[in-house]
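Participant: Predicted coordinates and the sequence they were generated for:
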Amino acid sequence: MPGPKPLPISVTEAQRHALQALLNKASEEHTLVLRAHIVLMAEQGHSTRHIARFLHVSEDTVADWKQRWRDTAQIGLGETNVRKWLADAPRCGGPSTFTAEQWCQIMAIACEDPKESGRPISHWSAREVADEAIRRQVVETISESHVARFFKRSRP
């Protein structure tokens, strides 16, 4: 039994051309292309389930982007500025505390033999890595729990 009729998505001719341009550009971000597909397929009347299966994403993802398009269309951010319409929303939280270079240096410390740093241990702990990074002035301050979380996230 078919489900409810999907809410219509309104796309102007100029927006359609801008969305098509995103699809046709070879070096475009995958997420923007995917979102442009969602909007164009929704505008053609395809169901959320059909779009999700066709693009191999969840129905929630399709529903979210359809709703974001409708909300943005009501506000209006420029007729053809679809890249801005399809961009990620700002995320909560503060800016990153450490640079990628600092994390690389901390990772390098963890890959070294602790004895080369004058430490009487056979393996690094999060506390030892944090102390060594501060001693080498890689960072001004860092907690052992922050180092532990970083290494836990970076495991394959």
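Facilitator: Thanks, I have the structure now.
Participant: and the next element down the chain from the worst-scoring helix or strand of the chain on mean pLDDT?
Facilitator: None of the helices or strands of the chain scores lower by mean pLDDT, DSSP states H and E than helix 82-85, at a mean of 80. Using DSSP states H and E, the helix or strand that follows helix 82-85 towards the C-terminus is helix 100-111.
Participant: Show me this structure divided up by domain.
Facilitator: 13-85, 100-150 (automatic domain parsing).
Participant: hey, least reliable of those by pLDDT?
Facilitator: Lowest mean pLDDT of the domains of the chain: domain 13-85, a mean of 86.
Participant: on that earlier part again, how about JSON lines for the domains of the chain, with distance to residue 92 added?
Facilitator: Backbone N, C-alpha and C define where each C-beta goes, glycine included. Output for the domains of the chain, formatted as JSON lines (distance: least, C-beta to C-beta, whole Å):
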{"stretch": "domain 13-85", "distance to residue 92": "17"}
{"stretch": "domain 100-150", "distance to residue 92": "18"}
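Participant: Can you tell me the SS state at the most far-flung residue of the chain relative to its centre?
Facilitator: Residue farthest from the centre of the chain, counting by C-alpha atoms, centre = their mean, is residue 120 at 40.8 Å. Three-state assignment for residue 120 (DSSP: H, G, I helix; E, B strand; the rest coil): coil.
Participant: in stretch 120-138, what's buried?
Facilitator: 124, 126, 128-133, 138 (16 or more other C-beta atoms under 10 Å).
Participant: Output that stretch as CSV, nothing but the C-alphas.
Facilitator: Written as CSV, here are the backbone C-alpha positions of stretch 120-138 (Å, rounded to 0.1, in the frame of the first residue of the first chain):
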residue,chain,number,x,y,z
PRO,A,120,62.1,5.1,32.7
ILE,A,121,59.1,3.3,31.1
SER,A,122,58.7,0.7,28.3
HIS,A,123,55.4,2.0,26.9
TRP,A,124,53.8,5.4,26.7
SER,A,125,50.7,6.2,28.7
ALA,A,126,48.4,9.1,28.0
ARG,A,127,49.8,11.0,31.0
GLU,A,128,53.4,10.5,29.9
VAL,A,129,52.6,11.6,26.3
ALA,A,130,50.8,14.7,27.7
ASP,A,131,53.8,15.5,30.0
GLU,A,132,56.3,15.0,27.2
ALA,A,133,54.3,17.2,24.7
ILE,A,134,54.3,20.0,27.3
ARG,A,135,58.0,19.5,28.1
ARG,A,136,58.9,19.8,24.4
GLN,A,137,56.6,22.9,24.1
VAL,A,138,54.5,21.2,21.4
